[in-house]
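K.L.:
Here's my sequence, what's the structure:
(chains A and B)
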Amino acid sequence: MRLRQIFLFATLSGPLLLCGACGIQPWVKPYERDRLADPIMAWDRDAISNAYLDHIRESREGSRGATGGAGGGCGCN
Amino acid sequence: MAHRHIFARAALLAALLLIRSTIADVLPDNRADVFYSKYSGGGMDITGYSATARAKITENFAVEANYFVDKVSGASVDVLSQASVIKDTRKQKSGTLEYLHDKTTYTASYMSSVERDYISDTASFSLSQSMFGDLTTITLGFANTHNKVGDNGGTANKPDITWVGHALTRAYSGGVSQIITKNFIAGVNLQVITDAGYLANPYREIRYLDPTKAIGYTLASQVYPDTHTSTAVQVQAKYYLPYRAAVTGLYRYYNDTWGVVGNTYELDYTHPIANEWIFEGRVRYYKQGAATFYSDLFPFALSQNFTARDQNLAALDNTTVGAKVTYAFLPDGWKVFKRGTVTGDVSRIRFNYRDFRDIRDFGVASVPAYSPGAEPLYKFSATVYQLYVSMYF
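P.N.:
Below is the predicted model of the structure:
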């Protein structure tokens, strides 16, 4: 029984270990991010305006939260 | 005021929104903004003025300050049902510090919002970490809000404030933004918010059937639970089209311990022309179910432990259509300014309530036009205007 558990663990974890050894590299290079750096691709181009619109909505709806983007998506620096 | 809940939530929301301006690796440019807004709908007029300044003290350290004034006047549907009008001003101040270290940005902010019958203070902290060759950004945030809730027993011009309670709100948020391809980014945000204390709006009342009254019902105070916890998850994606334009889609799922379940869908299209103009159009649809203790008309007094007739907790849907245009000027700069933008934004929102009835004008007549519970469902449209100028230096 114990041998079977070890075999199962080795079978499942093997590909993960191999994958780690390979090392996934960032697949969009910095020089390929010019479009992502365009202001039209910003999550939050006008923070004050978006905050105001969220204010309008949250004061009239039961829902709230999770409207913020998680930082900049560009990563182009 | 009927807007007391607006301001508590707005204070918390604005603090949390300060979090999302965080960008990893390089702090944003210095800028100054002046902002004007006007909301008109549902019997209410709200005019807002705001000024914001942001400056980098060093390459790693920035400060930001904001001052916002809201002037509210008019009479919403529930206030009209009780024959009084609103006139109030809210003043909000906030300050933010940002510190960048390697791939991590730390943000701390404090906000204070004061109106004559509501005082709200929020402290928040967040960090944003860029990783995996800057393809991935992770953000974690926490905000703590204290609200002092008052009830104006006087009139709009001669207020008589009684402080009825306090509420404490804590918000925990996390998010991931991921570059998928050179044209495509996506993100997911999670936020859990807990409240404890006095959570009702003292200006809104329930009604219950009362055959002894000519109008057929009696108004009474709402009774809310002392605690409330909500969970919201939003997924969003943005795609750069084959020509220079972007399309954004988002979906948010919301539920809370009061039984409200909400779904939000939004689609935006952004189209620049040369380097001077950016046009944007958006469509948003929102729908929610009612809270478990909400009813438009209760069968009798004290029919259940918790009772609410706040339209925010009713079953409702709304649709927004909006347009925005931004014009960039001073491309070569002027004195200390590197460039500037001016933006105009207008949104039209249609609200439909599915179990909140319009009792204005029907409850005061000696011979009511409708029997209780047969009044027309409430609906209204609102228009939101925004105009702002941003200067970068």
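K.L.:
pretty sure residue B:144 is touching residue B:124, no?
P.N.:
Yes: between residue B:144 and residue B:124 there is a contact under CB atoms under 8 Å: 7.3 Å. For glycine as for every other residue, the C-beta is placed from the backbone atoms N, C-alpha and C.
K.L.:
Now the common contact residues for the two.
P.N.:
Taking CB atoms under 8 Å, 6 or more residues apart in numbering or on different chains as the contact rule, residue B:144 and residue B:124 both touch residue B:171.
K.L.:
Could you check the pLDDT of residue 19?
P.N.:
Since no chain was named, I'll use chain A. In this model, residue A:19 is scored at 52, pLDDT.
K.L.:
try again with chain B
P.N.:
pLDDT for residue B:19: 40.
K.L.:
And residue B:144 and residue B:124? Which one has more around it.
P.N.:
residue B:124 (25 against 15; other CB atoms under 10 Å in any protein chain shown).
K.L.:
Give me the secondary structure label for that one.
P.N.:
Classification of residue B:124 by DSSP: H, G, I helix; E, B strand; the rest coil places it in strand.
K.L.:
and it, bridged to which residues?
P.N.:
residue B:109, residue B:143 (DSSP bridges).
K.L.:
Give me the below-cutoff pLDDT ranges for the chain.
P.N.:
Let's take chain A. A:1-23, A:69-77 (pLDDT under 70).
K.L.:
wrong one, I was asking about chain B
P.N.:
Ranges of chain B meeting pLDDT under 70: B:1-24, B:78-85, B:361-367.
K.L.:
rerun at 50
P.N.:
Scanning chain B for pLDDT under 50 picks out the ranges B:1-24, B:83, B:363.
K.L.:
remind me, longest strand of it?
P.N.:
Longest strand of chain B, by residue count under DSSP state E: strand B:161-181.
K.L.:
pretty sure residue A:25 is in contact with residue B:133, am I right?
P.N.:
Yes: contact criterion CB under 8 Å: residue A:25 and residue B:133 qualify, at 7.4 Å.
K.L.:
quick one, which of the two is more surrounded?
P.N.:
A side-by-side neighbour count of residue A:25 and residue B:133, using other CB under 10 Å, places residue B:133 first with 15 against 9.
K.L.:
hang on, that one in a helix?
P.N.:
No: counting by three-state DSSP, residue B:133 falls outside a helix, being coil.
K.L.:
mind checking how far it is from chain A?
P.N.:
Distance, residue B:133 to chain A, using CB to the nearest CB, to the nearest Å: 3 Å.
K.L.:
Please report phi then psi for that residue.
P.N.:
Backbone torsions of residue B:133, given as degrees, to the nearest 10, read phi 60, psi 30.
K.L.:
number of nearby residues for the residue nearest to it when sequence neighbours are not counted?
P.N.:
Of all residues not flanking residue B:133 in the chain, residue A:26 sits nearest, at 2.8 Å (CB to CB, 6 or more residues apart in numbering or on different chains). Neighbours of residue A:26 under the rule other CB under 10 Å: 14.
K.L.:
What segments of chain A are helices?
P.N.:
Per DSSP state H, chain A carries helices over the ranges A:2-22, A:47-58.
K.L.:
Output the contacting helices and strands for the shortest one.
P.N.:
Right, the one you point to is helix A:47-58. helix B:4-20, strand B:31-41, strand B:44-58, strand B:339-357, strand B:377-392 (3 or more CB pairs under 8 Å, 6 or more residues apart in numbering or on different chains; DSSP states H and E).
K.L.:
go again using 10 Å as the cut-off
P.N.:
helix B:4-20, strand B:31-41, strand B:44-58, strand B:61-74, strand B:277-288, strand B:316-329, strand B:339-357, strand B:377-392 (3 or more CB pairs under 10 Å, 6 or more residues apart in numbering or on different chains; DSSP states H and E).
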